[in-house]
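**Student:** mind looking at a prediction? Sequence and model below.
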Amino acid sequence: MNDLQIIELYFARDEQAIKETDIKYGKMCFHVANNFLSNDEDAKECVNDTYLSVWNKIPPTRPNNFKAFICKITRNLSLKKLELSNAKKRSANIIVSLSELEEILPDNRISPNIEDEEIGRLISDFLWNEKEEIRNVFLRKYWYFDSISDIAAQYSFSETKVKSMLFRTRNKLREYLRKEGIQI
Amino acid sequence: MKIPRLANTLGYIDDKLISEAANSTRIRKQQTRWLKWSAAAACFILAAVLIIGILQGKLFGNNTHIATLENGNTLAFVKTDSVGIGQFDMERDMEGRKLTDSEIDLLFEQMPVSGTVYFNNENNQFAALEGKLGNVTLTITAPGVSIADTIIVGEEQTSEVDGVSVAAGYFITRANSKGKRNIIYYATFELGENIIYVEYAGSTDDSTAVRTEIAAAIQDLIHHGEINFHLISVKN
């Protein structure tokens, strides 16, 4: 079933919509959630919360990009759950990734008057100006929180190369945000 | 657990970026001997075409930006349609570490250089340096280590700076959300056995200042001369 048909099921308030969403995007959502939470049960719970959130948002929302829409919800819910989790549940990958992001933009004390949404737009502009493989590696690491080894395997790069690409992109992003007025 | 603001702001990026990354993959190119030779031949042909073009004066367009150096030399930056990012090819096994202050003094004397130096794991020889000279991005590679992704689509022009041939260009990015465009100046040249790549970006409104700064960095490097990386070893 294609995305438009699934969205129509949500608009018809047909519970088959959730089953079809699970069939098409369940594995992807679980992968995203598990990257954050490193726990199968927590990840499954997060995926179920995602379906509930999608059910509540559609209608009235009619997403143009259903895949990104559902990914974003899973990611946001995973981040919230991670924020509340205890130290034992955190993977080394997530700790390192978050600390690398923290070095660029730690908290709301930096440019408090600029909305997160505006910074998101700036980051989008930055990434669109990067080469496709560079932005995809960056997003696999810091949006999906894939491990270095998984990214290296997916793109047929050495792990050293992936680390190097990420290092350079982080530095460029920091410099770019500074030039755009985000005082870091 | 504290979530950094950047992790939250990434939640607002374009949907297309998210779905593109979800679907993306890369097919590794199988580099065969003939492919390497054909790449070398292509580079040779490209260089020949550029030299002929320059000699015939056909590559001098109106879009060329000129920087005048302290010694009176001029440095021409030719507008290009795309630019690489000065990355060196890290397909081979390399180890990197930060340059120490004493190494910076040893290699660059008074120049404000910082960065990461990479050594080839096979022979512990210097492979590349990635860092900054002041605000200017600096990449230096040893012979045989290629700079990846520096294919310039468009024209290239070389200038002579104290007897060193410098190929320089610039690229203007798309407008950002505020309608501002950035200009990226870059140049590449040889110092001794090493290849130098420098890059500096800023707003198009500040293009003269950006150009002046990168030109000064190029002149400083050329005045300094060959950088002897044999003076440092994999273990500092």
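**Tutor:** Structure's in. What do you need? Numbering: from 1, shown residues only, chains lettered A, B, ... in the order given.

**Student:** could you check how far residue A:167 is from chain B?
**Tutor:** Per Cβ to the nearest Cβ, to the nearest Å, residue A:167 is found 8 Å from chain B. For glycine as for every other residue, the C-beta is placed from the backbone atoms N, C-alpha and C.

**Student:** nearest to chain B: which residue in chain A?
**Tutor:** Residue nearest to chain B within chain A (Cβ to the nearest Cβ): residue A:120, separated by 2.5 Å.

**Student:** okay, now residue A:104: neighbour count?
**Tutor:** Residue A:104: 23 surrounding residues under other Cβ atoms under 10 Å in any protein chain shown.

**Student:** for the one 5 residues further on, same thing?
**Tutor:** Per other Cβ under 10 Å, the neighbour tally for residue A:109 reads 7.

**Student:** tell me how far the helix or strand harbouring residue A:22 is from the chain's mean position?
**Tutor:** Taking DSSP states H and E as the definition, one finds residue A:22 inside helix A:16-37. Centroid displacement of helix A:16-37 relative to its chain, using Cα atoms, centre = their mean, to the nearest Å, is 13 Å.

**Student:** not counting residues beside it along the chain, what's closest to the residue of chain A closest to chain B?
**Tutor:** residue B:12 (2.5 Å; Cβ to Cβ, 6 or more residues apart in numbering or on different chains).

**Student:** now swap in residue A:85 and tell me
**Tutor:** residue B:1 (6.1 Å).

**Student:** the one you found touches residue A:81, doesn't it?
**Tutor:** No: between residue B:1 and residue A:81 there is no contact under Cβ atoms under 8 Å: 9.9 Å.

**Student:** compare the two (neighbour count), which wins?
**Tutor:** Neighbours per residue (other Cβ under 10 Å) separate residue B:1 from residue A:81, with residue A:81 holding more: 20 against 15.

**Student:** who's in contact with that one?
**Tutor:** Contacts here follow Cβ atoms under 8 Å, 6 or more residues apart in numbering or on different chains; on that basis residue A:81 touches A:36-37, A:42, A:45-46.

**Student:** ok, the residue of chain A closest to chain B - how many residues close by?
**Tutor:** 18.

**Student:** wait, isn't it in contact with residue B:5?
**Tutor:** No: counting by Cβ under 8 Å, residue A:120 does not reach residue B:5; the two are 10.9 Å apart.

**Student:** residues in contact with the helix holding residue A:22?
**Tutor:** Applying Cβ under 8 Å, 6+ apart, the set of residues contacting helix A:16-37 is A:1, A:3, A:5-7, A:9-10, A:40, A:42-44, A:46-47, A:50-51, A:54-55, A:58, A:67, A:70-71, A:74-75, A:77-79, A:81-82, A:85, A:89, A:93-94, A:144-147, B:22.

**Student:** and the helix or strand just after it, what does it pack onto?
**Tutor:** Per DSSP H and E, the first helix or strand lying C-terminal to helix A:16-37 is helix A:40-57. In this structure, helix A:40-57 makes packing contacts with helix A:16-37, helix A:66-84, judged by 3 or more Cβ pairs under 8 Å, 6 or more residues apart in numbering or on different chains; DSSP states H and E.

**Student:** of all the ones you listed, which lies closest to residue B:16?
**Tutor:** Judged by Cβ to Cβ, the one of the helices and strands packed on helix A:40-57 that comes nearest to residue B:16 is helix A:66-84, at 7.4 Å.

**Student:** relative to residue B:131, how far out is residue B:97?
**Tutor:** According to Cβ to Cβ, to the nearest Å, residue B:97 and residue B:131 sit 12 Å apart.

**Student:** mind checking which of these two has more residues around it?
**Tutor:** Neighbours per residue (other Cβ under 10 Å) separate residue B:97 from residue B:131, with residue B:131 holding more: 19 against 13.

**Student:** surely the more buried one is within a strand?
**Tutor:** Yes: according to DSSP: H, G, I helix; E, B strand; the rest coil, residue B:131 belongs to a strand.

**Student:** quick revisit: can I get the contacts of residue A:81 in TSV including neighbour count and pLDDT?
**Tutor:** TSV is the format used below for the contacts of residue A:81 (neighbours: other Cβ atoms under 10 Å in any protein chain shown; pLDDT from 0 to 100):
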residue	neighbour count	pLDDT
A:36	29	90
A:37	24	91
A:42	18	92
A:45	15	95
A:46	27	96
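
**Student:** widest-spaced pair of the residues you listed?
**Tutor:** Spanning the widest gap among those are A:36 and A:45, at 12.1 Å by Cβ to Cβ.

**Student:** show me what stretch A:136-151 is in contact with.
**Tutor:** A:31-32, A:35-36, A:75, A:93-94, A:97, A:100-101, A:127, A:130, A:154-155, A:157, A:159, A:162-163, A:165-166, A:169, B:6-7, B:10, B:13, B:17-18, B:20-22, B:24.

**Student:** mind checking which of the residues you listed land in helices?
**Tutor:** Residues of the contacts of stretch A:136-151 located in helices (DSSP state H): A:31-32, A:35-36, A:75, A:93-94, A:97, A:100-101, A:127, A:154-155, A:159, A:162-163, A:165-166, A:169, B:6-7, B:17-18, B:20-22.

**Student:** those residues, buried ones only, as a PyMOL selection?
**Tutor:** To isolate the buried members of the ones in helices among the contacts of stretch A:136-151 in PyMOL, using 16 or more other Cβ atoms under 10 Å in any protein chain shown:
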select buried, (chain A and resi 31+32+35+36+75+93+94+97+100+101+127+154+155+162+163+165+166+169) or (chain B and resi 6+7+17+18+20+21+22)
